[in-house]
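Chemist: Could you work out the structure for the sequence below:
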Amino acid sequence: MRQELKESAASYIDGIASDLLRVSHELHANPELAFEEFHACALLSTTLEAYDLSPRSNVYTLETAFECEVSRGEDGPVVALLAEYDALPGIGHACGHNLIATASLGAALALAHIRDELPGTVRLLGTPAEEKGGGKEIMARAGAFEGVDASMMIHPLGRNMVTFPFVAYSQADVTYRGRAAHAAAAPHRGVNALDGLLLAYQGISNLRQHIKSTERIHGIITDGGLAANIVPDTAKGEFYVRAKDLDDLAALKRRVSGCFEAGAASSGAAVEIVWGAVDYLDLRTNWPLAERFQANAEALGRTFFPLTELSGNATGSTDMGNVSHRVPSIHPMLEAAPRGVPIHTAEFADYAGGELGDKAALDGAKALAMTAIDFLCSEELQKDVRRAFEVSKGLA
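Modeler: From the prediction side, this is the model:
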């Protein structure tokens, strides 16, 4: 029975492939930044409506979030499919979120097509602001994942991986304020805010020598002054801090804050440190669910990169980590570009709008739909997933 449902879902996705790829290409051609994804939200919502579904927009406190549920009207397990669609400044969909949105959309449409054969509920969630802002955490606090028994999405990469070593992350925006003066005629009257920021930046560069291999610190100067002959009275920077888990992140944030404060003390400028309202958590992969996804994707012809061969330097962060601390979750990676092409580059953005990206979106839709079918139709898998989640939380 399950195999027949999977074949039906995959066949349906093939049948609507042109619609799905139209969505992917339109998202790719119209990149929008975090919390500004109005076109993307409208496009995905109108596509759902065209298939006689009823999405709700402006949900869970976010204007560019949406929700659409599919069921045959009976109680049962709830599977959430997550769609991301925000892009990056300057390089558009260099993380391939157009493919993530399309894959979850395709899976939801396929599952809606066979809803009368499925127990439980499929909840498609449009989740804004993954690149910056932690949209999933904001939505979670507003109840988006209440009653959800399993959550899943795919992410493009240069190889197929059943999971990825995502770590905890926080953002700091710092502002140094000094006193302006003519840099030639009266430099002694000035307090150089840029000096404070540069001293902090150098301190952080030195700190990098003495942090764990699982930790990262990186930042940019977003405002360094107005003119070279004016002592800068304001300087601003944006910094990202990553660590293995929330405890390590808290400790590293204290050390980074010390660098910011040292810059202020050394330069005489005042500093304001604003940490982001949302910390991203490390990803807790639910292995029974992940193994089912891998088996389904392999049935589509994909070969997975062994995690044992992954470089220890590979890392990143996602607000899907926050979801994984609340409900059983998976975040597999699907090859959408040749190996060696890194995400967050213009080259990767090109592939996200090309044939390899198209194939990842369609295969992702099929594998997500097939895995959702496995979960909804197997009480044994549901128990294994719950058990693994309890173990991951230290409850069993």
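Chemist: ok, K253 to S170 distance?
Modeler: As judged by C-beta to C-beta, to the nearest Å, K253 and S170 stand 6 Å apart. From N, CA and C alone the C-beta is placed, and that goes for glycine too.
Chemist: In terms of neighbours, single out the busier of those two.
Modeler: Neighbours around K253 and S170, counted as other C-beta atoms under 10 Å, are more numerous at S170. The numbers are 22 against 18.
Chemist: give me every residue that touches the more buried one.
Modeler: Contact partners of S170, counting by C-beta atoms under 8 Å, 6 or more residues apart in numbering, are 240-241, 249, 253, 275-276, 279-280.
Chemist: Wait, a helix at it?
Modeler: No. Per DSSP: H, G, I helix; E, B strand; the rest coil, S170 lies outside any helix segment and is strand.
Chemist: pLDDT on stretch 233-243, on average?
Modeler: Averaging pLDDT along stretch 233-243 yields 97.
Chemist: whoops, stretch 207-215 was the one
Modeler: The model assigns stretch 207-215 a mean pLDDT of 94.
Chemist: and it, how far apart are its ends?
Modeler: With C-alpha to C-alpha, to the nearest Å as the measure, the ends of stretch 207-215 fall 11 Å from one another.
Chemist: can you check stretch 220-231 too?
Modeler: 20 Å.
Chemist: List the buried residues for it?
Modeler: 223, 225, 231 (16 or more other C-beta atoms under 10 Å).
Chemist: do stretch 25-33 as well
Modeler: Buried, per 16+ other C-beta under 10 Å, within stretch 25-33: 25-28, 30-32.
Chemist: From start to finish, how long is it in a straight line?
Modeler: 17 Å.
Chemist: same deal with stretch 57-64?
Modeler: End-to-end distance of stretch 57-64: 7 Å, with C-alpha to C-alpha as the criterion.
Chemist: coming back round to it: out of the buried residues of stretch 220-231, which one sits closest to S378?
Modeler: Top of the list for closeness to S378, among the buried residues of stretch 220-231 and by C-beta to C-beta, is D223 at 54.8 Å.
Chemist: Please name the bridge partners of the closest residue to the closest one other than its chain neighbours.
Modeler: Using C-beta to C-beta, 6 or more residues apart in numbering and skipping the chain neighbours, the partner closest in space to D223 is K236 (4.0 Å). Taking DSSP bridges as the rule, K236 bridges to T175, D223.
Chemist: And the helices in the stretch 201-350 of the chain?
Modeler: Applying DSSP state H, counting those that start in this stretch to the stretch 201-350 of the chain gives helices spanning 246-267, 287-299, 320-324, 346-352.
Chemist: still on that earlier bit, ok, the residue nearest to D223 to R216 distance?
Modeler: From K236 to R216 the distance is 21 Å (C-beta to C-beta).
Chemist: Quick check: mean pLDDT of stretch 307-325?
Modeler: pLDDT averaged over stretch 307-325 gives 88.
Chemist: what stretches of the stretch 251-396 of the chain score poorly on pLDDT?
Modeler: For the stretch 251-396 of the chain, the stretches with pLDDT under 70 are 312, 395-396.
Chemist: residues in contact with the residue nearest to G276 when sequence neighbours are not counted?
Modeler: Nearest non-adjacent residue to G276, counting by C-beta to C-beta, 6+ apart: Q171, 4.1 Å away. Taking C-beta under 8 Å, 6+ apart as the criterion, Q171 is in contact with 132, 238-241, 275-276.
Chemist: swap the cut-off to 10 Å and go again
Modeler: 132-134, 219, 238-241, 274-280, 317 (C-beta atoms under 10 Å, 6 or more residues apart in numbering).
Chemist: Let me see the ranges of the strands in the stretch 251-396 of the chain.
Modeler: For the stretch 251-396 of the chain, the strands defined by DSSP state E, counting those that start in this stretch cover 270-275, 329-330, 333-335.
Chemist: most tightly surrounded among those strands?
Modeler: When the strands of the stretch 251-396 of the chain are scored by mean count of other C-beta atoms under 10 Å, the highest mean neighbour count falls to strand 329-330 (a mean of 28).
Chemist: could you say what helices and strands that one packs with?
Modeler: strand 150-152, helix 287-299, helix 320-324, helix 379-392 (3 or more C-beta pairs under 10 Å, 6 or more residues apart in numbering; DSSP states H and E).
Chemist: same thing but at 6 Å, please
Modeler: helix 287-299 (3 or more C-beta pairs under 6 Å, 6 or more residues apart in numbering; DSSP states H and E).
Chemist: How about E215, nearest residue that isn't a chain neighbour?
Modeler: A243 is the one closest to E215 (C-beta to C-beta, 6+ apart), at 4.8 Å.
Chemist: And the one you found, how far from L249?
Modeler: Taking C-beta to C-beta as the measure, A243 falls 4 Å from L249.
Chemist: which residues do these two both contact?
Modeler: Contact with both A243 and L249 is made by residues A168, according to C-beta atoms under 6 Å, 6 or more residues apart in numbering.
Chemist: wait, which of the strands of the stretch 251-396 of the chain is closest to T64?
Modeler: The nearest among the strands of the stretch 251-396 of the chain, by C-beta to C-beta, is strand 329-330 at 21.8 Å.
Chemist: from the chain's centre, how far out does that closest one sit?
Modeler: How far strand 329-330 lies from its chain's middle: 12 Å, per C-alpha atoms, centre = their mean, to the nearest Å.
Chemist: quick revisit: got the contact list for the residue nearest to D223?
Modeler: Per C-beta under 6 Å, 6+ apart, neighbours of K236: 175, 222-223.
Chemist: Tell me how far L81 lies from A108.
Modeler: If you go by C-beta to C-beta, the gap between L81 and A108 works out to 5 Å.
Chemist: before we move on, what about I138?
Modeler: Taken as C-beta to C-beta, the span from I138 to A108 is 22 Å.
Chemist: Repeat that for V174.
Modeler: Counting by C-beta to C-beta, the gap from V174 to A108 is 41 Å.
Chemist: Next: D233.
Modeler: Applying C-beta to C-beta to D233 and A108 gives a distance of 52 Å.
Chemist: Now do the SS call for D173.
Modeler: Per three-state DSSP, D173 ends up strand.
Chemist: domains of this protein?
Modeler: Residue ranges for the domains of the chain, per automatic domain parsing: 2-166+283-392, 168-275.
Chemist: That's all I had, so thanks and see you.
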